[in-house]
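Peer 1: Sequence plus the predicted model coming up.
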Amino acid sequence: MEAYYSTSIANWKEKFQRKFGLKEWNIFRPWKSVAFFGLYNVVDYLKFVFHYGKKVVFWCGGDILNLQRRPFWQKILQHYPARHICENVVEYAALKKMGIVAGIRPCLVDEIKLLPITYKYSKNPHVYLCTHEGREEEYGVGIIEEIAPKLLDIHFEIYGISRPNSKNIIYHGNVEPSVFAQEINGYQCALRLNEFDGFSEILVHAMLRGQYAISRILYPYMTCVKDKETLIDALVELRSKTRPNTQGRKYWINELTRPL
């Protein structure tokens, strides 16, 4: 099998190549089996149609959102057979609504590192999340700022933006990956509040550390929340987590090292 990489994920191309070890597709070999990593733009779809060998599409997230706005592209995918793979139930549901049935397989592009268990119980849990400037609403920063005054015994560590700190919210801004990795070792739970999202490395790294994770998307051994009330309940429950999440760690090590 060979691989085609959308230019829209050029910054991930090297990681995909290193992980899967696939030779890059040559357009003059249309009979080969090809894995399409991302279908984002017109060029991607033209190459998808041109290729008449077996096709596998690995959906990356943003390309699914693009597809929702383009009915003609949906018809192309319904007409040309391919195997489709996405990372979670939210992506699966979005694709199915457009007539595309996909398998679900969470994937971590970076090499799996068997991190030591760093979880230590705290009656005042530290919860961390990452966001980006201009995308605070998407990542749930506003929700955290709203509920934090009701949960003063929980510390919220927010990375990626800089703002004045409050009593129990610390804004760390942008930090080096090595600094981030060192600091989160001492925390108890990762938080991901994106409603539509690929499989987040933040959640994975929490699992590998024996920590806990709270997500808006359902994953095994992570707590799935649907609204502010269930989020508050999940955060309060962290106070009772006296032992590391070893079952979650074991499950995700096995899942992410299984051949794709």
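Peer 2: Thanks, I have the structure now.

Peer 1: so who does residue 37 touch?
Peer 2: By C-beta atoms under 8 Å, 6 or more residues apart in numbering, the contact list for residue 37 reads 3, 4, 5, 6, 9, 12, 13, 16, 58, 60. (C-beta placed from N, C-alpha, C; glycine too.)

Peer 1: ok, 7 Å please
Peer 2: Contacts here follow C-beta atoms under 7 Å, 6 or more residues apart in numbering; on that basis residue 37 touches 3, 4, 5, 6, 9, 16, 58, 60.

Peer 1: Next: residue 82.
Peer 2: 55, 56, 57 are the contacts of residue 82 under C-beta under 7 Å, 6+ apart.

Peer 1: Run a quick neighbour tally on residue 132.
Peer 2: 12 (other C-beta atoms under 10 Å).

Peer 1: tell me the pLDDT at it?
Peer 2: With respect to pLDDT, residue 132 has a value of 92.

Peer 1: Over to residue 106?
Peer 2: Value for residue 106, per-residue pLDDT: 88.

Peer 1: So, low pLDDT: which residues of the stretch 51-200 of the chain?
Peer 2: Along the stretch 51-200 of the chain, segments meeting pLDDT under 70 span 110-112.

Peer 1: quick one: the strands in it?
Peer 2: In the stretch 51-200 of the chain, the segments counted as strands under DSSP state E, counting those that start in this stretch are 55-58, 83-86, 103-104, 126-130, 155-159, 169-173, 189-192.

Peer 1: I'd like those strands laid out as JSON lines, including mean neighbour count and distance to residue 36.
Peer 2: Listed next are these as JSON lines, based on neighbours: other C-beta atoms under 10 Å; distance: least, C-beta to C-beta, whole Å:
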{"stretch": "strand 55-58", "mean neighbour count": "21", "distance to residue 36": "5"}
{"stretch": "strand 83-86", "mean neighbour count": "20", "distance to residue 36": "10"}
{"stretch": "strand 103-104", "mean neighbour count": "11", "distance to residue 36": "15"}
{"stretch": "strand 126-130", "mean neighbour count": "22", "distance to residue 36": "28"}
{"stretch": "strand 155-159", "mean neighbour count": "21", "distance to residue 36": "32"}
{"stretch": "strand 169-173", "mean neighbour count": "15", "distance to residue 36": "37"}
{"stretch": "strand 189-192", "mean neighbour count": "25", "distance to residue 36": "26"}
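
Peer 1: okay if I get those strands as a markdown table plus distance to residue 240?
Peer 2: Listed next are the strands of the stretch 51-200 of the chain as a markdown table, based on distance: least, C-beta to C-beta, whole Å:
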| stretch | distance to residue 240 |
| --- | --- |
| strand 55-58 | 38 |
| strand 83-86 | 34 |
| strand 103-104 | 30 |
| strand 126-130 | 15 |
| strand 155-159 | 17 |
| strand 169-173 | 23 |
| strand 189-192 | 12 |
